[in-house]
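Student: this one's structure only:
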């Protein structure tokens, strides 16, 4: 289904090679946005063509220099950056008592620090133009925690707290910052989690099933749109199959 609700908007979507990021990119392109995908997976170049995006960029989002260069390049070529969606991430399992410091730090680097680097880089042009939308994809595990997922839950909780803080700083300057905290979604990232965990999780859900990336994308379209997203400031929207009811 196509619309023009994001017509003419310049958008950067990270994690765009698969899963939620790919679905959001496709929905943005269908809504008229000029979309650039970024991912550390080289397939992002091919995916960009498949979903109707302008181009795909291979990005190490943990590199301050790479992030700044990407955002600066978008502004140079497009003239502005209207929307940033941070949808990249990694997901591994380990009981806290057995977790290596390296495993903890890798998750923090990718799932939290890289989100900060992207938010900071995007704020510069958005504040200069007096408008923008930033949407950070967190997780419902940030609210309730998860067995063998202390590192992931902590990183996503940091994303939520950071989102609220950046929203408070910048709403008066026309930049609206919000988060989406999905429940379990059938994505390549979740495929790596063990089957027993997935069976147990499905049994907990009031809806009785995991979501799909296509069911998350409309929330990202709403938050980026005018007037649909105009009153959302520092909010955490939870398409999560009923797993968390704040």
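Tutor: Received the coordinates, thanks. Please read these numbers as outputs of a predicted model, since none were measured by experiment.
Student: wait, what's in contact with residue 186?
Tutor: 210, 211, 212, 213 (CB atoms under 8 Å, 6 or more residues apart in numbering). Quick note: C-beta positions are derived from backbone N, CA and C, even for glycine.
Student: how about a cut-off of 6 Å?
Tutor: 210, 212 (CB atoms under 6 Å, 6 or more residues apart in numbering).
Student: residue 63 now?
Tutor: No contacts exist for residue 63 under CB under 6 Å, 6+ apart.
Student: backbone dihedrals for it, please?
Tutor: Backbone torsions of residue 63, given as degrees, to the nearest 10, read phi -100, psi 120.
Student: report pLDDT for it.
Tutor: If you check residue 63, the pLDDT there is 98.
Student: and residue 38, by the same measure?
Tutor: Value listed for residue 38 in the pLDDT field: 98.
Student: that one: neighbouring residues, count only.
Tutor: For residue 38, the neighbour count with other CB atoms under 10 Å is 32.
Student: doesn't it belong to a helix?
Tutor: No. Secondary structure of residue 38 (DSSP: H, G, I helix; E, B strand; the rest coil): strand, not part of a helix.
Student: so it touches residue 61, yeah?
Tutor: No. Residue 38 is beyond contact range of residue 61, at 7.2 Å (criterion: CB atoms under 6 Å).
Student: shared neighbours of these two, which are they?
Tutor: Joint contacts of residue 38 and residue 61 (CB under 6 Å, 6+ apart) are residue 14.
Student: can you give me the helices for this protein?
Tutor: Secondary structure of the chain (DSSP state H): helices at 19-30, 44-51, 64-78, 101-108, 114-129, 141-144, 150-170, 188-191, 195-204, 213-224.
Student: okay if I get these as a markdown table plus mean neighbour count and distance to residue 86?
Tutor: Listed next are these as a markdown table, based on neighbours: other CB atoms under 10 Å; distance: least, CB to CB, whole Å:
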| stretch | mean neighbour count | distance to residue 86 |
| --- | --- | --- |
| helix 19-30 | 26 | 9 |
| helix 44-51 | 18 | 15 |
| helix 64-78 | 16 | 11 |
| helix 101-108 | 14 | 15 |
| helix 114-129 | 20 | 5 |
| helix 141-144 | 19 | 14 |
| helix 150-170 | 20 | 8 |
| helix 188-191 | 14 | 14 |
| helix 195-204 | 12 | 24 |
| helix 213-224 | 21 | 11 |
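Student: cheers, nothing more for now.
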